[in-house]
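J.: what shape does this take:
(one chain, ligands or ions: 3)
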Amino acid sequence: MLVGLLFSLFQDIGFNHKETQNLFHKNPSLNFTTTSLESLTTRLLSLRSLGLLSLCHSINKQPEILTAEEIGSFLSFIKEYDLEGEIKPQKLQRLLIMTHPNYFAGFERKVRLLIDHGVPLDKLAHVLNNVNIAKVFCHRTLNQIERAILFLDRFGGAELIVRRPALLNLDLEGQLKPRIGVLTQLSGGDENAVGTILRKLPAILTYTVEHLQNHIELLRSFAGLSDEEIFKIFLVYPNICSASKERKLHPRIEFLKQCGFNSSDIFKFLIKAPLYLSLSFEDNLSMKLGILFKIGYENKSKELAIALGAVTRTSCENMQKVTGVFLSYGFCCEDILDMSKRHPQILQYNHESLDMKIEYLTVDMGRHIGELLAFPAFLGYKLDDRIKHRYEMKKKIVGDGMSLNKLLSVSTERFMKKKSPAEMENSVGGRKS
Ligand SMILES: *[C@@H]1O[C@H](CO)[C@@H](O)[C@H](O)[C@H]1NC(C)=O
Ligand SMILES: *[C@@H]1O[C@H](CO)[C@@H](O)[C@H](O)[C@H]1NC(C)=O
Ligand SMILES: *[C@@H]1O[C@H](CO)[C@@H](O)[C@H](O)[C@H]1NC(C)=O
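T.: Ligands and ions are numbered 1, 2, ... in the order given. Below is the predicted model of the structure:
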């Protein structure tokens with residue numbers, strides 16, 4: 001009767017009577033002196049619960065998954081950690097077919113290391129789905145895995161692994177250590193700062209030592225930056241690694257040099273506007289340059305480069321609308337050029353909020369629009385939090401003639417402390433006595 005049940009189980013997963021007989025015939029390990037019918041049935045049922053694409057195909061390719069003890073432990077592990085149906089069926093099937101059951105020995109203990117080192121249980125499926133399971137957890141020893149995890153611990157281990165599980169695929173001695181070594185050396189040995197870079201962009205470790213070194217070397221020799229400066233740029237913008245050296249880094253720096261920038265100008269520019277290195281010339285920078293030329297910036301001038309730095313993050317569309325707003329209030333291009341040379345950020349402010357601020361200045365505050373020529377930084381303050389707030393507080397005391405610069409540029413702390421002239425005299429006198 002049990003034999004009948006077995007045949008019907010195999011039939012359920014797609015083996016006909018003859019194929020089942022063949023399977024048993026060809027695989028002596030399936031004989032009933034080493035395996036009981038009951039354990040075979042249990043195994044078949046738990047394999048079925050994995051939801052493989054084709055259990056039948058998997059069994060034909062790797063019949064030992066029906067009997068191997070290591071696979072039994074692996075299946076209990078899957079069940080115990082609630083991973084049934086959580087690991088991509090295709091991935092699981094390939095794993096079971098391509099990896100000899102012997103290699104599953106100690107699987108649970110190896111994966112357990114992740115949990116012990118801080119990977120949350122509910123992220124386990126995510127991690128397993130995104131690593132090469134066979135390479136990491138089957139072919140490496142417990143000790144090898146532990147050493148890699150311990151090494152990563154210094155830089156944010158579990159967080160890095162969860163963010164980018166594929167880091168586990170990397171070889172500790174051949175890849176992880178030398179790649180992190182390049183960054184550590186650049187930092188002058190500051191592992192905390194290297195950890196910050198890695199947590200910002202774990203994928204930075206997928207770049208080879210040679211790739212990283214080539215980028216660094218270009219910044220050293222062509223841009224003339226020191227290692228300390230280069231590291232600071234990596235720290236604010238680790239994605240510098242994904243900008244092509246030939247198509248992006250070189251021509252972008254070349255442009256800055258043509259504009260008359262020396263290495264310390266280049267550093268100041270890049271630390272503020274590193275995205276400049278990644279933007280496309282054709283789709284982005286060339287259009288922004290077009291607008292700047294129209295405003296009146298001179299080709300190959302420092303001012304041009306500074307303005308381009310100020311507009312890296314904004315879109316050409318917004319830039320165009322910003323100039324449109326200025327023109328609509330009666331400014332000419334020369335005025336815009338003048339204001340933006342004093343305060344380049346005006347070109348990247350959101351055009352709608354810019355409009356609201358100019359309106360508030362001219363209508364609510366009743367000031368002359370021309371005051372912006374002297375103090376374009378007015379446009380950089382938040383309308384509600386700073387401009388309105390301070391203006392409302394001061395207008396009763398000082399009246400209308402107050403200096404915009406004085407009103408807005410003092411720090412909040414000083415602004416709140418500042419007293420009326422009479423009070424001030426009293427406190428000065430008080431201290432003297
Ligand atoms: C680079 O140029 C700036 C002016 O843009 C100047 O102040 C600075 O001293 C120069 N630095 C070097 C290293 O030549
Ligand atoms: C600006 O100068 C560069 C470099 O010499 C040149 O390639 C480009 O055509 C010039 N652009 C304009 C608008 O003159
Ligand atoms: C240029 O780059 C900026 C910053 O990433 C982006 O906002 C903008 O949409 C890009 N394209 C154009 C045409 O401005």
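
J.: number of nearby residues for the residue of the stretch 151-300 of the chain found nearest ligand 1?
T.: Residue of the stretch 151-300 of the chain nearest ligand 1, by CB to the nearest ligand atom: Asn262 (3.7 Å). Using the backbone N, CA and C atoms, a C-beta is placed for each residue, glycine as well. With neighbours defined by other CB atoms under 10 Å, the count for Asn262 comes to 12.

J.: sec struct for the nearest residue to it once chain neighbours are set aside, please.
T.: With sequence-adjacent residues excluded and distances taken as CB to CB, 6 or more residues apart in numbering, Asn262 is closest to Gly224, at 7.4 Å. On the three-state scheme (DSSP: H, G, I helix; E, B strand; the rest coil), Gly224 is labelled coil.

J.: residues in the stretch 151-300 of the chain within reach of ligand 3, list them.
T.: 279, 283-284, 287 (CB under 6 Å from any ligand atom).

J.: pull the most distant pair out of the residues you listed.
T.: Between any two of these, the greatest separation by CB to CB is 10.4 Å, found for Leu279 and Met287.

J.: tally of neighbours for Asn16?
T.: 11.

J.: what pLDDT is listed against it?
T.: In the predicted model, Asn16 carries a pLDDT score of 85.

J.: near ligand 1, which residues of the protein?
T.: So far as CB under 6 Å from any ligand atom goes, the chain lies against ligand 1 at 262, 264-265.

J.: okay, and which of the residues you listed map to helices?
T.: Mapping the residues of the chain next to ligand 1 onto helices (DSSP state H) picks out 264-265.

J.: adding pLDDT, write the residues of the chain next to ligand 1 out as JSON lines.
T.: Below are the residues of the chain next to ligand 1 laid out as JSON lines (pLDDT from 0 to 100):
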{"residue": "Asn262", "pLDDT": "98"}
{"residue": "Ser264", "pLDDT": "98"}
{"residue": "Asp265", "pLDDT": "98"}
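
J.: next one: the helix or strand encompassing Lys396 to chain centre, how far?
T.: If you go by DSSP states H and E, Lys396 is part of helix 389-398. Helix 389-398 sits 44 Å away from the centroid of its parent chain (CA atoms, centre = their mean, to the nearest Å).

J.: got the buried residues for the next helix or strand after it?
T.: Going down the chain from helix 389-398, the next helix or strand is helix 404-409, by DSSP H and E. Buried residues in helix 404-409, counted by 16 or more other CB atoms under 10 Å: 404, 407-408.

J.: how near is the nearest residue to Ala310 once chain neighbours are set aside to ligand 3?
T.: Distance criterion CB to CB, 6+ apart; nearest residue to Ala310, sequence neighbours excluded, is Pro344 at 3.6 Å. Separation of Pro344 from ligand 3 (CB to the nearest ligand atom, to the nearest Å) stands at 16 Å.

J.: over to Lys394?
T.: 37 Å.

J.: let me know the closest of the residues of the stretch 151-300 of the chain next to ligand 3 to Tyr207.
T.: For those, the nearest to Tyr207 is Leu279 (20.1 Å; CB to CB).

J.: what about the closest one, how many residues nearby?
T.: Neighbours of Leu279 (other CB under 10 Å): 18.

J.: could I get the pLDDT score of the closest residue in space to it that isn't next to it in sequence?
T.: Spatial nearest neighbour of Leu279, chain neighbours left out: Leu285 (5.5 Å); criterion: CB to CB, 6+ apart. Looking at Leu285, its pLDDT stands at 98.

J.: dump the residue contacts of Leu285.
T.: Leu285 makes contact with 276, 279, 308 under the criterion CB atoms under 8 Å, 6 or more residues apart in numbering.

J.: can you report how many residues lie near Thr141?
T.: Neighbour tally, Thr141, other CB under 10 Å: 10.

J.: in the helix holding Lys396, what counts as buried?
T.: Buried, per 16+ other CB under 10 Å, within helix 389-398: 390-391.

J.: and if you look at stretch 3-17?
T.: Of all the residues in stretch 3-17, those buried under the rule 16+ other CB under 10 Å are 6, 9-10, 13, 15.

J.: which part of the stretch 51-200 of the chain gets nearest to ligand 2, residue-wise?
T.: For the stretch 51-200 of the chain, CB to the nearest ligand atom, closest residue to ligand 2: Leu186, 31.7 Å.

J.: now do the contacts for that residue.
T.: 216, 227, 230-231, 234.

J.: which element is Glu359 on?
T.: helix 351-359.

J.: quick check: mean pLDDT across that helix?
T.: 97.

J.: which residues touch it?
T.: Contacts to helix 351-359, defined as CB under 8 Å, 6+ apart, come from residues 318, 321-322, 324-325, 329, 346, 369, 372, 378-379, 381, 383, 387.

J.: same check on stretch 190-208?
T.: By CB under 8 Å, 6+ apart, stretch 190-208 touches 154-156, 159-160, 163-164, 166-167, 170, 175-176, 179-180, 183-184, 187, 212, 231, 234-235, 238-239, 241.

J.: which of the residues you listed count as buried?
T.: Applying 16+ other CB under 10 Å to the contacts of stretch 190-208 flags 155-156, 159-160, 163-164, 166-167, 170, 175-176, 179-180, 183-184, 187, 212, 231, 234-235, 238-239, 241 as buried.

J.: near ligand 2, which residues of the stretch 251-400 of the chain?
T.: 258, 293, 299-300.

J.: which of these sits closest to Pro101?
T.: Looking across those and measuring by CB to CB, the closest to Pro101 is Gln258, at 64.1 Å.

J.: before we move on, back to that, give me the neighbour count for the residue nearest to Ala310.
T.: Pro344 has 17 neighbours, counted by other CB under 10 Å.

J.: let me see the domain layout of this structure.
T.: Following the TED database, the chain resolves into domains at 1-105, 318-421.

J.: who touches the residue in the stretch 151-300 of the chain that ligand 3 sits nearest to in this structure?
T.: Scanning the stretch 151-300 of the chain for proximity to ligand 3 using CB to the nearest ligand atom identifies Asn284 as nearest, at 3.7 Å. Applying CB under 8 Å, 6+ apart to Asn284 gives the contacts Cys316.

J.: in which helix or strand would I find the residue nearest to Leu292 when sequence neighbours are not counted?
T.: Distances taken as CB to CB, 6+ apart put Ala307 closest to Leu292, at 5.4 Å, once the chain neighbours are dropped. Per DSSP H and E, Ala307 falls inside helix 302-310.

J.: with secondary structure added, can I get the contacts of helix 351-359 in TSV?
T.: Formatted as TSV, the contacts of helix 351-359 follow (three-state DSSP):
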residue	secondary structure
Asn318	helix
Lys321	helix
Val322	helix
Gly324	helix
Val325	helix
Tyr329	coil
Ile346	helix
Ile369	coil
Leu372	helix
Phe378	helix
Leu379	helix
Tyr381	coil
Leu383	helix
Ile387	helix
